[in-house]
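# Provided below are the primary sequence and the corresponding predicted coordinates.
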Amino acid sequence: MTAPKPLVEHLIDALAARGVRRVFGVPGGGSSLDVIAAARSRGIDFVLARQETSAAIMGLATARIEGTPGVALTTVGPGLASAANGLACATLDRAPLLLVSDGLAAEAARFVTHQALDQRALSAPLVKGHARLEVGEDAGVLDRLLDLAMTPPHGAVHVELTGEAARRPVERAAAPAAAAPSAPAPAAIEAARALLACAMRPVLVVGLEACTASAAAAARRLAAVLDCPVLTTYQAKGVIPDTDPRAVGLFTGGTLEAPLVEAADLVVLFGVDPVELIPQPWAYRAPVLELGLTPRQRYYATPAAALYGPLDRCLAELAPRAVPRGWPADTAAAHRRRARARLACAAGDGVSPQRIVEIAQDAAPSDARPRVTVDAGAHMFSATAFWQCSAPNDLLISNGLATMGFALPAAIAASLADRSRPVVALTGDGGLAMCLGELLTAAERRARVVVVVFNDGALSLIDIKQQARGLPTEGVRWGRADFAGAAAAFGFAVWRARSEREYADAIVSALRTDAPCLIDVRVDPVGYREQLKALRG
């Protein structure tokens, strides 16, 4: 047992031991002040966000990039309630996140009604675990919760911490040793090997679980051995570099990839979480071989054989061997050309979404390739299809929850995690409006972010669906806001662009600027409808 010391110091010790360097949040007057002070004493930075969901998104983006738990901090009551969307985002996007909220002391809870909520009940559907740390409780519960957040499928956990409990000295039991992952059963290994040995036209689909260094290396080895077409989910872009001749584009569970997958005689899912796919029935008859971290709670397709555990170990057990394959030599290239043609969109009044992405890619410096964050909305079709990635987490997106208001806070966190490369936040006007206050966070931190606003004056994805149903236009459009003016007031360098030339000049200048920038681009949304049809039918 370690010597008794304040519970809040045990909390910070547990975070420091796992490599946490930053806590994001909006503090209250209770335990959050103790957390901030204790974190500072250990060299852990506190980043003041303007809204609690943004703080949680910053935490989950940090978790993805750094491989440590993300941490968010809120006050009691409204602070936790405001963080609910960020908690859901972390859990459905499989990012380990610890949310520490203030709590009401047990005796106060009997008579206090101001800001009093059942916080455990509020967070329960959104988190993997919860603890209310009381005076005298063993601090080892913190280690258990953090371990739970880091156990696949990763997700959020919630700690309620009162000010009195934070300051009371307590014991901390030694953390139990983590259980070693179980090895796949011999029968499962043989079944998987048999499936792979018989396949002449396999297709490899890579998902979010492959975004660690070891798993990404295993995915690249498997792609090389199979020498077959490779598709990635949104979150796995870059695991197989987009420049790899085997890489053919995105897998969403939609229609764009259907001709290729329908021609396969085996679908190999490598780290694909079902939460990544759109809600459509699985359409393919070929058997499925799944390699994943853990068995799934729900399946889109029941695998004919499956290996679960660390993905590099699963691949080692599979021991695939190179054999002649039946794919025509130009299969991957032909699919890439077809997909690109289906997703291409022209512009009339303004710049096309496709060209916004392509021009930014062309302008990127070769010695510091930008990371990209992408918000939910119709602009994500072009952002994910046309931005080229070469490493895991080159592109960050909310896919499991698909929440708006993701790109800007994620970009701030990405910039703080790695200041050596700029971060381009590709966001719709609706998504940016939801987290506009975080422009001030970026300015205060001098985050190296370039916010590119697809300004089309609408919730374009919902607008398309409304039109498709023949409904009158209502509740989905607004006047185009002056985001450049707002950002300038917060201290950003800003540009406005109505043409490709204006935009090209702006993005080149912004990527050379070591300070927050925003480019307000007038977008013609005319191509979105065909992109949606190409992707989802």
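Perfect, thanks for sending it.
# which residues of the stretch 1-150 of the chain fall in strands?
5-6, 22-26, 45-48, 70-74, 97-102, 129-133 (DSSP state E, counting those that start in this stretch).
# ranking those by burial, who's on top?
Among the strands of the stretch 1-150 of the chain, strand 70-74 has the highest mean neighbour count (mean count of other C-beta atoms under 10 Å), at a mean of 31. Every C-beta, even on glycine, is put in place using the N, C-alpha and C of the backbone.
# Okay, angle between that strand and strand 97-102 too, please.
Going by axes from the mean of the first three to the mean of the last three C-alpha atoms, to 10 degrees, strand 70-74 is angled at 20 degrees with respect to strand 97-102.
# Now do the contacts for Tyr53.
One thing to correct before we go on: residue 53 is Thr, not Tyr. Contact analysis of Thr53 by C-beta atoms under 8 Å, 6 or more residues apart in numbering lists Ser82, Ala83, Ala84, Asn85, Gly86, Cys89, Gly405, Cys435.
# so what's it closest to, chain neighbours aside?
In space, and not counting its chain neighbours, Thr53 is closest to Gly86: 3.9 Å by C-beta to C-beta, 6 or more residues apart in numbering.
# Ala411 too?
Nearest residue to Ala411, sequence neighbours excluded (C-beta to C-beta, 6+ apart): Ala425, at 3.8 Å.
# Same question for Gly103.
Glu160 (3.7 Å).
# and the one you found, that's in a strand?
Yes - assessed by DSSP: H, G, I helix; E, B strand; the rest coil, Glu160 belongs to a strand.
# got the contact list for it?
Taking C-beta under 8 Å, 6+ apart, we find Glu160 in contact with Ser101, Asp102, Gly103, Gln119, Arg120, His130, Ala131, Arg132, Leu133.
# mind redoing it with 6 Å?
Ser101, Gly103, Gln119, Arg132 (C-beta atoms under 6 Å, 6 or more residues apart in numbering).
# now do Phe251
Shown in contact with Phe251 (C-beta under 6 Å, 6+ apart): Val205, Leu231, Thr233, Glu257.
# okay, those residues in TSV with secondary structure, neighbour count and pLDDT next?
Shown next, in TSV, are the contacts of Phe251 (DSSP: H, G, I helix; E, B strand; the rest coil; neighbours: other C-beta atoms under 10 Å; pLDDT from 0 to 100):
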residue	secondary structure	neighbour count	pLDDT
Val205	strand	25	98
Leu231	strand	25	98
Thr233	coil	27	97
Glu257	coil	22	93
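# Just flag the most distant two among these.
Maximum pairwise distance among the contacts of Phe251 (C-beta to C-beta): 10.8 Å, between Thr233 and Glu257.
# ok, Leu33 to Glu502 distance?
Leu33 sits 47 Å away from Glu502, going by C-beta to C-beta, to the nearest Å.
# Repeat that for Gln467.
Using C-beta to C-beta, Gln467 is found at 29 Å from Glu502.
# where does the stretch 201-350 of the chain dip in pLDDT?
324, 347 (pLDDT under 70).
# which residues in it form helices?
213-226, 258-262, 311-318, 331-343 (DSSP state H, counting those that start in this stretch).
# what does the shortest one contact?
By that I understand helix 258-262. By C-beta under 6 Å, 6+ apart, the surrounding residues in contact with helix 258-262 are Val203, Pro229, Tyr284, His335.
# What degree of burial does the closest residue to the first one other than its chain neighbours show, as a neighbour count?
Which is Val203. Closest residue to Val203 apart from its sequence neighbours, by C-beta to C-beta, 6+ apart: Ala264 at 4.1 Å. By the measure other C-beta atoms under 10 Å, the count of residues near Ala264 is 23.
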